[in-house]
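Asks: Show me how the following folds:
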Amino acid sequence: MKREKYPTRKIRLVGNIQRETAISILQNAPLDANKPLEMILREEVKPRRQTQNDLMWSCQLKCIAEQAYVNGRTYSAEVWHEHAKEMFLPETFQSAEHQAEIVKEGYRKYDISPSGKRILVGSTTELTVKGFAIYLQQVEAFGANLGVIYSANPNEAYT
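Replies: Numbering: from 1, shown residues only. Just a heads-up that it's a prediction; the model follows:
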């Protein structure tokens, strides 16, 4: 008999109740030699920080939108955001161990539309603190290569 797909379960071990729940789930998990389940126990992966997101929008993307000229014109911060995601979001073919350090579980950069076209579905909200830090470095370097000068204080004028 073929079993149904087993749902992913995530439990934060912060107390005895969560530990007992995890033990109960493990004791009742299906055993299947043809399609075995996998158990991973690791420190919690932290999502990106709000301060990182603020830096991206109030400094990096804002400065790029105001200063970078490409093809004789400027582009909005939203357009640069989409462009940066296309260029710098991680691909999904990296090793599982490395992937867990930089993106949340279930992350994917692309999907296929009903017409068969590859579309960007990845989001910076799916990056971990480490993954978002790497992403911000890439965006900053990209802007610098376009001649963007960043201010230590995003509210200050740049020269």
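Asks: number of nearby residues for M87?
Replies: Number of residues near M87 (other Cβ atoms under 10 Å) recorded here: 11. Every residue, glycine included, has its C-beta placed from N, CA and C.
Asks: can you tell me which residues contact Q138?
Replies: For Q138, the contacting residues are A84, M87, F88, by Cβ atoms under 8 Å, 6 or more residues apart in numbering.
Asks: Any idea how many residues pack against the closest residue to R48 other than its chain neighbours?
Replies: The shortest distance from R48 to any residue other than its chain neighbours is 3.8 Å, reached at F132 (Cβ to Cβ, 6 or more residues apart in numbering). The burial count assigned to F132 is 22, neighbours taken as other Cβ under 10 Å.
Asks: where's F132, which helix or strand?
Replies: Assigned by DSSP states H and E, F132 falls within helix 129-145.
Asks: related to what we said a few turns ago, in contact with the residue nearest to R48, which residues?
Replies: Going by Cβ under 8 Å, 6+ apart, F132 touches R48, R49, Q52, N53, T124.
Asks: and those, which of them are in helices?
Replies: Judged by DSSP state H, the subset of those located in helices is Q52, N53.
Asks: Report the secondary structure state of T21.
Replies: Following DSSP: H, G, I helix; E, B strand; the rest coil, T21 is assigned to helix.
Asks: Verify the stated contact: it with K10.
Replies: No: the pair T21 / K10 is not scored as a contact, 11.2 Å apart, by Cβ atoms under 8 Å.
Asks: Name the residue in the two with the higher neighbour count.
Replies: For T21 versus K10, the count of surrounding residues by other Cβ under 10 Å is larger for T21: 13 against 7.
Asks: Noted, bye for now.
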